[in-house]
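1. Sequence and computational prediction follow.
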Amino acid sequence: MLIWIITLYSNGTSTVSLNTTLTGEFVTLQLPVQPQSYIMVLVNGSATAYMINGTSIIIPVLGTANVSIMYVPRVFVENNFVGINVGNSTVEIIIPNDILIANITLSLISMSMVNNELIITARGPGEFLYTIMPTSTAKHAPITVPRIINYEYLAMIIVIIIVIMAFALYTLIARRGKSPKEESTPQTSLNLNDYELSILRYLRSRGGSAFEIDISRDLGIPRTTVWRSIRRLEGLGLVRITKVEGKNMVTLIRDLQP
C-alpha cells in the first residue's frame, strides 16, 4: 500500500511527496491531492517526463526503479483557514508544532508525536483545514491575536517553488539532451585503458548506445571486463547505464576530446 506524505510548513505552505520502488513499463498512480501545477518526478535520481490523466500520473519506469514524486498541492481557503482536499488515498500528514489543525474529515488510522511534530495517518476521501498557531511576545504576556495568513504572500511562495523546480528540471533535461560533441572531456585527463577506449569508440559507431552483451560479443571482451569498464565510465560521467527488458543498456552521454 502506497502512503503519500503531506508535509505542512511553519509558513503555511505544504508539499505532497512519495518515495517508493515501482516495477513495470508505464506505471499509473492516483494522486492523493490535485497539484497546483508542476510535478517533480525522479526515476533512479534522474528527472523524468510524465503524463497526467485527470488525477492520475503515468510514469515510464521501464523495469524496476526507485521513484520520487513531489509537488505543491492545490489548496482552498475557508474562514481564514487553508484547506486541502484528499482523494481516495492513504496519506501521512506531518504537522509542525506551530500549525493548528482546525478540522479534519478524513478517516483517522493513527497519530503519533515524532521530534515535536504531530504525524497523522489517515484515509480519504475527505479534507482538513489548518492555520498558523498564535505566538506570545514575552513570558506572562497575553496571547497575541492569531495571525491571518497573507494568501498573496503564500501564492508568491508557491510560484517561487514551482519556478525553482521547473528550472532544475530544465537544467537536467538540457544536460541530458546535449550531444557528445557539446559535452566533451579531454581524453588525457581520465587515464582510460584500452578496453574503456574501445567501448567508447564502439558506442559512437552504434549511434551512442548499445546493450552490454552486444559490446562484449562484438568487441570480443569478456563480460566481466566489460562490466567493470562500463561502471568506471559511468563513474566518470561518460556513460549512463539503464535497464531495458532486463538487460543493461549503455548510453554515451559525454564524449572525449582527442
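-> Structure received. Numbers count the residues shown, from 1 in each chain.
2. Give me the distance between residue 54 and residue 199.
-> 45 Å (CB to CB, to the nearest Å). The way it works is simple: take the backbone N, C-alpha and C, and place the C-beta from them, glycine included.
3. and what of residue 94?
-> Residue 94 is 46 Å from residue 199, by CB to CB.
4. again, but for residue 55
-> For residue 55, the distance to residue 199 - CB to CB - is 45 Å.
5. Same check on residue 218?
-> 10 Å.
6. Looking at the two, which is more packed in?
-> Each of residue 218 and residue 199 has its neighbours counted (other CB atoms under 10 Å); residue 199 has more, 27 against 12.
7. ok, now which ones touch that one?
-> Residue 199 makes contact with 215, 219, 221, 226, 229, 230, 233, 250 under the criterion CB atoms under 8 Å, 6 or more residues apart in numbering.
8. Could you tell me which of those residues belong to helices?
-> Those of those mapping onto helices are 215, 219, 226, 229, 230, 233, per DSSP state H.
9. what about the first one, distance to residue 202?
-> Residue 215 sits 6 Å away from residue 202, taking CB to CB as the criterion.
10. Name the residues that touch stretch 233-240?
-> 185, 190, 192, 196, 199-200, 203, 230, 241, 250-256.
11. Next up, the contacts around residue 96.
-> Applying CB under 8 Å, 6+ apart, the residues near residue 96 are 8, 9, 10, 116, 117.
12. Look at the fourth one and report its pLDDT.
-> At residue 116 the predicted local distance difference test score is 85.
13. Flag the shaky bits of the protein, pLDDT-wise.
-> Within the chain, the segments meeting pLDDT under 70 span 135-153, 172-189, 257-258.
14. got the domain boundaries for it?
-> Domain ranges of the chain: 3-133+146-169, 184-257, per automatic domain parsing.
15. quick one: which of the contacts of stretch 233-240 is nearest to residue 72?
-> Nearest to residue 72 among these: residue 253, at 30.6 Å, using CB to CB.
16. bridging residues for the residue lying closest to the closest one once chain neighbours are set aside?
-> Leaving aside its sequence neighbours, residue 253 sits nearest to residue 240 (CB to CB, 6 or more residues apart in numbering; 5.1 Å). For residue 240, the beta-bridge partners under DSSP bridges are residue 251.
17. Measure how buried residue 240 is and give me the count.
-> By the measure other CB under 10 Å, the count of residues near residue 240 is 18.
18. Kindly report the same for residue 57.
-> Neighbour count for residue 57, taken as other CB under 10 Å: 20.
19. Could you do residue 227 as well?
-> 16.
20. Correct me if wrong: it contacts residue 212.
-> Yes. Using CB atoms under 8 Å, residue 227 is in contact with residue 212, at 7.0 Å.
21. All the strands of the stretch 151-258 of the chain, residue numbers only.
-> Counting by DSSP state E, counting those that start in this stretch, the stretch 151-258 of the chain has strands at residues 184-186, 209-211, 239-244, 247-252, 255-257.
22. again, but for the stretch 1-150 of the chain
-> Going by DSSP E, counting those that start in this stretch, the stretch 1-150 of the chain shows strands at 3-8, 14-30, 35-43, 46-47, 51-53, 56-73, 76-78, 81-86, 90-95, 99-104, 107-114, 117-123, 126-132.
23. Need these in a markdown table (columns: distance to residue 246).
-> Converted to a markdown table, these look like this (distance: least, CB to CB, whole Å):
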| stretch | distance to residue 246 |
| --- | --- |
| strand 3-8 | 29 |
| strand 14-30 | 12 |
| strand 35-43 | 17 |
| strand 46-47 | 19 |
| strand 51-53 | 24 |
| strand 56-73 | 7 |
| strand 76-78 | 46 |
| strand 81-86 | 37 |
| strand 90-95 | 31 |
| strand 99-104 | 45 |
| strand 107-114 | 37 |
| strand 117-123 | 36 |
| strand 126-132 | 42 |
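24. I'm done for today, thanks for sticking with me.
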